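here is my input; please provide its structure:
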Amino acid sequence: MVQSLIIVTEARSTKGAAVFGLRLFLFFLTLLVLCSPSFSAQATQAPEASPLRLIPLDSVGQPVVWCYHGQVPDTRLVVVDKSRQRLMVLRYLGKLALEFEYPCASGEKQGPKNSALDEKTPEGIYFVTKRFKDNKITVFGDRALHLNYPNPQDKVQGRNGDGIYIHGTNRDYKPRSSNGCLVMANHDLALVEPLVNEQFTPVIVVERLALPSPALQAAACEYLRTVNLDSLSQTSAHQPNGLELLRPTTAKRELSGLAAKFEQLGSGVKVQNKGLALFGSGSQWVLLAAQEMEGPGNKKVLLTRRFYLSGQEPAVFKLVQSQWVLPDLAHARLLASWATQKTAALTPAAPKPISKKAAVPDQVETIKQMLAAWTSAWQNKQLDQYMGFYARDFRGSGKNRRQWQKHKSYLNRTYKKITVRLEDVKIRVSGKRAQVSFVQHYSSDWHSDLGLKHLQLVFRDGRWLIRSETWRKMLSPRPGPRRDS
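Numbering: from 1, shown residues only. Sure thing, here's the model as predicted:
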């Protein structure tokens, strides 16, 4: 049995029909030009004989799974098939419909992206973080959509790099000709870009698209129908909670602190789930929850929760990271203030004292997660996020916090690639202070070294921060090929 996508035509008013007819005429005029021998791929809008109809369930390819429950803000998903060099806009209206399909170019080299400058396009589930538009047409076209590569699953797998966009161009281009971005003709991207919702429209990139088996699709929808978000939120995650803003801000250093406060939200805040969505591709899955939260003074915040999951099927899902997606920093601060008010108003009975022996393992695990996030921000040259792990009274290598930030900013501009690996990590906790030591493997474009690093940590505002650090060079191993662990 072969499943296929269907094409849905929506009813339009008379005026809308006229506009649609003009667009259709322009589309076929463009199609006539693009079909010339000088252009290797043709743009098609909802073709009646889409190649997707020819993909059987048992074909070699990556199944893409989708499911919706309740009222969601958008039911579109963007799927990129690298093998066919096509970008498709799909929409779920009772059945999955193909709205648009256009040619695109991915990275010169095949396979999923693993590191910066490898000329590969990432494969996984991504979301738009920023939009760029310019009145001047350049080699990057007149607009671009930045994707959140590396996503939490990529980071767990050690993938790094940044600067992955869907961007336009007014020049002729060949399939698989980019440095890793997805390239489209300007006029094609101009139609696709308004359809992408930052909160709820995933961009799913696969090497070769295949449809899911009925059993996998049914299991995903059953999971979505029965999932308990409260229980999922409390599940042990590989990475601490994250916070994403639709309108980015330069004050990124406080975002991780705000995300930590969101964990304190409880019965004092009313939460209403509007709708859910679940998307899967291989071992990467993302569950989206459109929520409305109401706090003191009947103030409301609309937001999206993202739960990044790993596993081949719902029965073996593991939580990688949960994220809060909010409109802007003001809404994030408002939500965090509700957590603070709720904690102060409850005045619970004093908890039973916990022995230090019982408390240490939990703090050790928290510090390990902090070190993983710190290392990730360092490698990805995310300066604001990296500096967010340093206390305001930090001292290291004869520098204060401001001087340290200036030094790291210079190195980020100088090096295209930074790799950091920690070995033999030792953690000793004493109240609100901790000592951490490890062997640090560091390499960049021009420099590599091996050293023993000591960190002095302090617990402030619910987080472990680096108050000081020292590093001592160790004898490097004999040069030779080395396999990354």
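
now the strands for the stretch 301-450 of the chain?
Counting by DSSP state E, counting those that start in this stretch, the stretch 301-450 of the chain has strands at residues 318-326, 390-396, 399-400, 418-430, 433-444, 448-460.

in the fifth one, which residues are buried?
By that I understand strand 433-444. Judged by neighbour count using 16 or more other Cβ atoms under 10 Å, the buried positions of strand 433-444 are 434, 436, 438, 440-443. All C-beta spots, glycine's among them, are computed from the backbone N, C-alpha and C.

which one of those is nearest to Lys274?
Nearest to Lys274 among the buried residues of strand 433-444: Ala434, at 41.2 Å, using Cβ to Cβ.

what about the residue nearest to the closest one when sequence neighbours are not counted, how many neighbours?
Using Cβ to Cβ, 6 or more residues apart in numbering and skipping residues adjacent in sequence, the residue nearest Ala434 is Leu457, 4.2 Å away. Number of residues near Leu457 (other Cβ atoms under 10 Å) recorded here: 25.

was I right to think Leu457 contacts Val364?
No - the pair Leu457 / Val364 is not scored as a contact, 11.3 Å apart, by Cβ atoms under 8 Å.

what lines up beside the one helix or strand Gln272 maps to in the sheet?
Under the criterion of DSSP states H and E, Gln272 resides in strand 270-281. Strand 270-281 pairs in its sheet with strand 62-70 (antiparallel), strand 284-294 (antiparallel), by DSSP bridges.

can I get it as CSV, trimmed to CA atoms?
Provided in CSV are the C-alpha atoms of strand 270-281 (Å, rounded to 0.1, in the frame of the first residue of the first chain):
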residue,chain,number,x,y,z
LYS,A,270,-3.2,28.8,36.1
VAL,A,271,-2.1,26.9,32.9
GLN,A,272,-4.4,26.1,30.0
ASN,A,273,-3.2,23.9,27.2
LYS,A,274,-4.6,25.2,23.9
GLY,A,275,-3.2,22.6,21.6
LEU,A,276,-0.4,20.1,21.1
ALA,A,277,1.8,19.0,18.2
LEU,A,278,4.4,16.2,17.8
PHE,A,279,7.0,15.9,15.1
GLY,A,280,9.5,13.1,14.6
SER,A,281,12.4,12.4,12.3
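
begin at 7 from here
Yes, from this point I'll number from 7; that puts the last item at strand 276-287.

tell me how the protein divides into domains.
Domains of the chain are assigned by automatic domain parsing as 20-52+82-95+102-213, 220-347, 365-479.

one step back: ok, the residue nearest to Ala440 - contacts?
Leu463 sits next to 373, 439-442, 470-473 when contact means Cβ atoms under 8 Å, 6 or more residues apart in numbering.

tell me which of those residues is nearest to Ala342?
Using Cβ to Cβ, Leu471 comes nearest to Ala342 of the contacts of Leu463, at 17.7 Å.

middle-most residue in this protein, spatially?
In the chain, the residue lying closest to the centroid (Cα atoms, centre = their mean) is Asn157, at 3.4 Å.

next up, the contacts around it.
130-132, 290, 314.

dump stretch 317-326 to PDB, keeping only the CA atoms.
The C-alpha coordinates for stretch 317-326 follow below in PDB (Å, rounded to 0.1, in the frame of the first residue of the first chain):
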ATOM      1  CA  GLY A 317      14.200   7.800  20.700                       C
ATOM      2  CA  GLN A 318      13.100   5.800  17.700                       C
ATOM      3  CA  GLU A 319       9.500   5.600  18.900                       C
ATOM      4  CA  PRO A 320       7.300   7.100  21.800                       C
ATOM      5  CA  ALA A 321       7.700   4.000  24.000                       C
ATOM      6  CA  VAL A 322      11.400   4.800  24.500                       C
ATOM      7  CA  PHE A 323      11.300   8.600  24.600                       C
ATOM      8  CA  LYS A 324      13.900  10.400  26.700                       C
ATOM      9  CA  LEU A 325      13.700  14.100  27.500                       C
ATOM     10  CA  VAL A 326      16.700  16.000  26.200                       C
END
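
okay, the contacts of Asn157 in TSV with pLDDT next?
Shown next, in TSV, are the contacts of Asn157 (pLDDT from 0 to 100):
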residue	pLDDT
Gly130	97
Ile131	98
Tyr132	98
Gln290	96
Tyr314	97
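
show me how to select, in PyMOL, the buried members of these.
Buried subset of the contacts of Asn157, written as a PyMOL selection, criterion 16+ other Cβ under 10 Å:
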select buried, resi 130+131+132+290+314
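
quick check: the farthest pair among the contacts of Asn157?
Greatest spatial distance in the contacts of Asn157: Tyr132 and Tyr314, 11.1 Å, computed using Cβ to Cβ.

picking that back up, and the strands of the stretch 307-456 of the chain: which comes nearest Lys276?
Of the strands of the stretch 307-456 of the chain, nearest to Lys276 by Cβ to Cβ is strand 324-332, at 16.4 Å.

for the stretch 207-356 of the chain, what spans make up the helices?
In the stretch 207-356 of the chain, the segments counted as helices under DSSP state H, counting those that start in this stretch are 220-232, 235-239, 261-268, 335-352.

which one of these has the most crowded surroundings?
Mean neighbours per residue, mean count of other Cβ atoms under 10 Å, is largest over the helices of the stretch 207-356 of the chain for helix 261-268, with a mean of 20.

okay, the angle between it and strand 454-466?
Per axes from the mean of the first three to the mean of the last three Cα atoms, to 10 degrees, the angle that helix 261-268 makes with strand 454-466 is 40 degrees.

which residues does helix 261-268 contact?
With Cβ under 8 Å, 6+ apart as the test, helix 261-268 has contacts from 246-249, 251, 330, 338-339, 341-342, 345-346, 379, 391, 394, 467-469.

CA atoms of that helix as CSV?
The C-alpha trace of helix 261-268 is given here as CSV (Å, rounded to 0.1, in the frame of the first residue of the first chain):
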residue,chain,number,x,y,z
LEU,A,261,17.8,34.0,30.2
SER,A,262,19.2,30.9,31.9
GLY,A,263,18.4,32.4,35.3
LEU,A,264,14.8,33.2,34.2
ALA,A,265,14.4,29.7,32.8
ALA,A,266,15.5,28.2,36.2
LYS,A,267,12.8,30.3,38.0
PHE,A,268,10.1,28.9,35.7
